[in-house]
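In: Here's a sequence, model it:
(one chain, ligands or ions: 1)
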Amino acid sequence: MALTTAQRDALCSELRQRRDLIARQLRERLHEGGQDVPAGLAAHLADGVDPSEAYEEMADDLAWLGHETSGLRQVDGALHRIATGRYGTCVHCGAAIPAARLLAVPTADSCVACQESTERVPHRHPG
Ligand SMILES: [Zn+2]
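Out: Predicted structure coming up:
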């Protein structure tokens, strides 16, 4: 079943809100203390903080940044697909993405089958 116009509009405004929120958080975090991440690391080292501790802190920051940035990219992608009329269509096989899936995961860009086959790609084998 395809999304109704009202449902798509609701998702669109939800995505815009999410985008604003993430963008604001990123801005706030990046402007914290007026330092970029490597400068922050240098400052920690200058303060006599153990390098491994300082690095851990930076790694946490970077992990957070990476997470937020990829979230932002997903939201942007979804908004772009709405704007270009391709929202709700699988980017891999062109199949319609079920409305229920879009309502649950508004940033979904692929159908369940493609999502699962992407996740099954063996990037790394444990062991
Ligand atoms: Zn697909």
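
In: Please make it C-alpha for all contacts and neighbour counts, starting now.
Out: OK.

In: so where's the longest helix in the protein?
Out: Longest helix in the chain, counting residues (DSSP state H): helix 51-83.

In: Start and end of stretch 90-103, how far apart?
Out: Terminal residues of stretch 90-103 are spaced 15 Å apart (Cα to Cα, to the nearest Å).

In: Over to stretch 28-41?
Out: Stretch 28-41: ends 18 Å apart by Cα to Cα.

In: how far away is His44 from the ion?
Out: From His44 across to the ion, the span is 47 Å (Cα to the ion, to the nearest Å).

In: For that residue, give me the pLDDT.
Out: On pLDDT, His44 comes in at 73.

In: And stretch 51-64, what's buried?
Out: Ala54, Tyr55, Glu57, Met58 (16 or more other Cα atoms under 10 Å).

In: Check stretch 90-103 too.
Out: Cys90, Val91, Ala96, Ile97, Pro98, Ala99, Leu102.

In: okay but the fourth one is in contact with Gly88, surely?
Out: Put plainly, it is Ile97. Yes - here Ile97 reaches Gly88: they are 5.0 Å apart, a contact under Cα atoms under 8 Å.

In: any shared contact partners between the two?
Out: Here Ile97 and Gly88 have Ala2, Asp109 as joint contacts, going by Cα atoms under 8 Å, 6 or more residues apart in numbering.

In: What residues does Arg120 make contact with?
Out: Applying Cα under 8 Å, 6+ apart, no residues contact Arg120.

In: That one and the ion, how far apart?
Out: In terms of Cα to the ion, Arg120 sits 14 Å off from the ion.

In: Can you check the pLDDT for that residue?
Out: Arg120 is given a pLDDT of 76.

In: Now stretch 94-113: average pLDDT?
Out: Averaged across stretch 94-113, the pLDDT comes to 94.

In: can you give me the end-to-end distance of that stretch?
Out: By Cα to Cα, one end of stretch 94-113 lies 12 Å from the other end.

In: go on, stretch 104-113?
Out: End-to-end span of stretch 104-113 (Cα to Cα): 16 Å.

In: That stretch close to the ion?
Out: Yes - if you take Cα under 5 Å from the ion as the test, stretch 104-113 does meet the ion, through Cys111.
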